[in-house]
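**Student:** need a 3D model of the following:
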Amino acid sequence: MNQLNLFLFFIFITAHAFGQKMQEVELNYLTEIPFKTSQDSEYYHLESTMMIRGITNDIYEFSKQHKNQKSDVLFKLYFKSKTGANLLIEYAVNTQSMASYFSTDEKVNSFKKDTYDWINRSFRSNIPFED
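**Tutor:** Down below sits the predicted model:
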């Protein structure tokens, strides 16, 4: 009987460890800007940069308001163009790192830069990543 109780306890602990909930946040954006394209013009870069900065700010504001929560946050960014094309970008923020992101201005800027880079590479995949 002890082995059965121990086995059930182990299953419960394992399920609890792997069953941590992740909060999902859906953000929808309607855009005329083409995504995943090889288009290379100043207008395209300006418009997409402004849009991605706005999205980065949305993620930052939400994360700042929920920095003390106990679950990770998964942002699902849905882009829909007026021609019917769809793009989904998922961006997750770890709970443990979220609290540290808001401790100094330098870390806030690092959070914004990392978020911007992830969305930029996902939205405009033709632009190579550079260190």
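**Student:** which stretch of helix or strand covers the most centrally placed residue in the chain?
**Tutor:** By Cα atoms, centre = their mean, the chain has its centre lying nearest to residue 91, at 2.1 Å. According to DSSP states H and E, residue 91 maps onto strand 86-93.
**Student:** what pairs with that strand, parallel or antiparallel?
**Tutor:** strand 72-81 (antiparallel) (DSSP bridges).
**Student:** now the strand it pairs with: average pLDDT?
**Tutor:** Strand 72-81 shows an average pLDDT of 89 in the prediction.
**Student:** give me the contact list for that strand.
**Tutor:** 20, 22-35, 55, 59, 62-63, 66, 86-95, 98, 119, 123 (Cβ atoms under 8 Å, 6 or more residues apart in numbering). (Glycine included, C-beta is placed from N, CA and C.)
**Student:** out of the residues you listed, which are buried?
**Tutor:** 25, 29, 31, 33, 35, 55, 59, 62-63, 87, 89, 91, 93, 95, 98, 119, 123 (16 or more other Cβ atoms under 10 Å).
**Student:** check the chain for its longest helix and report it.
**Tutor:** Secondary structure assigned by DSSP state H gives helix 42-65 as the longest helix of the chain.
**Student:** name the helices or strands packed onto that helix?
**Tutor:** Counting contacts by 3 or more Cβ pairs under 8 Å, 6 or more residues apart in numbering; DSSP states H and E, helix 42-65 packs against strand 22-31, strand 72-81, strand 86-93, helix 105-123.
**Student:** please repeat the previous calculation with a cut-off of 7 Å.
**Tutor:** Helix 42-65 sits against strand 22-31, strand 72-81, helix 105-123, with contacts defined as 3 or more Cβ pairs under 7 Å, 6 or more residues apart in numbering; DSSP states H and E.
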